[in-house]
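*Asks:* Output the structure for:
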Amino acid sequence: MRNHPLSVGEVVFDLNWNYYGVITELTDGHAKIDMDGEANQPFIKRGWCEYQNKLVMDKDIRDEDRVWETDDLDALYQVAWGVKDARTENIVCYEHAEFEDMYPYYSPYLEENLYEFEVVFC
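*Replies:* Here you go, the predicted structure:
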């Protein structure tokens, strides 16, 4: 279950693309994501998503990969602001897929689910 409904301006991690981006358009079952989109979080400045993508993916980003569209909204993970994984102190997302163990968080950097005792709140 999602932490809250997806919204335009929200920063998400797309599990299919392995990139952070900002939702710039959202219609029934379809989203457009832009690394340079205007985020609804006031502390997210232009270049934040690109920086995180380089940190997580450790590669240069091609111009044609800066904007993408998806029909797989289940692949969009909402950032858990104020929560980091305890091992690397990188950003984590809310886990919305239902698992038997019910993990509350997903770490794009570690590529694994995390329990609450595996994160720090800041």
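*Asks:* List the residues that contact the closest residue in space to residue 113 that isn't next to it in sequence.
*Replies:* For residue 113, the nearest residue in space outside its immediate sequence neighbours is residue 103; the separation is 3.6 Å by Cβ to Cβ, 6 or more residues apart in numbering. In this view, the C-beta of every residue, glycine as well, is placed from N, C-alpha and C. Neighbouring residues of residue 103 by Cβ atoms under 8 Å, 6 or more residues apart in numbering: 95, 113-115.
*Asks:* Filter those down to the buried ones, ChimeraX style.
*Replies:* What follows is the ChimeraX syntax for the buried subset of the contacts of residue 103, where burial is set by 16 or more other Cβ atoms under 10 Å:
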select :95,113,114
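*Asks:* Closest to residue 85 out of the contacts of residue 103?
*Replies:* residue 114 (5.9 Å; Cβ to Cβ).
*Asks:* roughly how far apart are the closest residue to that closest one other than its chain neighbours and residue 118?
*Replies:* Using Cβ to Cβ, 6+ apart and skipping residues adjacent in sequence, the residue nearest residue 114 is residue 105, 4.3 Å away. Residue 105 is 8 Å from residue 118, where distance means Cβ to Cβ, to the nearest Å.
*Asks:* same deal with residue 100?
*Replies:* 17 Å.
*Asks:* between those two, who's got more neighbours?
*Replies:* Between residue 100 and residue 118, counted using other Cβ atoms under 10 Å, residue 118 has the larger neighbour count: 17 against 5.
*Asks:* So what's the predicted local confidence for the more buried one?
*Replies:* If you check residue 118, the pLDDT there is 98.
*Asks:* now swap in residue 62 and tell me
*Replies:* Looking at residue 62, the pLDDT reads 89.
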